[in-house]
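In: Return atomic coordinates for the entry below.
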Amino acid sequence: MKMLVVDDSRMARRILIGMLPEPLRERADIHQGVNGEEAISLWREQQPDLIFLDLTMPVMSGFDALVAIREQDQNTPILVVSADIQARAVEKVMAGGANGFIDKSKLEAQLHDNLQRLGFV
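Out: Have a look, this model is predicted:
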C-alpha cells in the first residue's frame, strides 16, 4: 500500500504518520511532499492508495492540488488535514472532491474515524 502525506510542516507530517495505526503504518510505503505541486507530481509518480493533504501551503495550495488530482482521478481517497476549520473551507474541499476533512486539533480521533470509514483499518 502506498500513501502520500503532503504538508509544508515536517512536524505535522511526522505527527500524522506517527498517529497512523501501527499495522497500517508498517505495511505502507509512505511518500511525503511539502506543497501542492509536489502532491501532484508524487501522485503521478507513485499512484498512492491514499492521500493526506494540507490546505495552506506555499507554491500551490492543497485545494488547488485536490482539484488538479480530481480532474484526472476520481477514485483515490483524499483526506484533507487542516487547521482551517471554517465551515466555508470544509464545504469547499468537500465540493472539490475530498473524501473527508480532518481538523488538525482533533487529528487522532478524526484520523482513525476516517481511516475506518474508508476501509483502511
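In: Show me where the chain has its helices.
Out: Counting by DSSP state H, one finds helices in the chain at the ranges 10-19, 22-27, 36-46, 62-72, 87-95, 107-117.
In: For the fifth one, enumerate the helices and strands it packs against.
Out: The criterion is 3 or more CB pairs under 8 Å, 6 or more residues apart in numbering; DSSP states H and E, and the helices and strands that helix 87-95 contacts are helix 62-72, strand 78-82, strand 100-103. For glycine as for every other residue, the C-beta is placed from the backbone atoms N, C-alpha and C.
In: shaky segments in the chain?
Out: Along the chain, the model assigns pLDDT under 70 to no residue.
In: Tell me which of the helices and strands packed on helix 87-95 sits most buried.
Out: Highest mean neighbour count of the helices and strands packed on helix 87-95: strand 78-82, a mean of 24 (counted as mean count of other CB atoms under 10 Å).
In: Quick check: buried residues in stretch 42-62?
Out: 42-43, 46, 48-55, 57, 61-62 (16 or more other CB atoms under 10 Å).
In: Which pair of those residues spans the longest distance?
Out: Using CB to CB, these span at most 23.2 Å, a distance reached by 49 and 61.
In: Put together a markdown table for the helices and strands packed on helix 87-95, with distance to residue 10 on each row.
Out: What follows is the helices and strands packed on helix 87-95, written out as a markdown table (distance: least, CB to CB, whole Å):
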| stretch | distance to residue 10 |
| --- | --- |
| helix 62-72 | 16 |
| strand 78-82 | 14 |
| strand 100-103 | 18 |
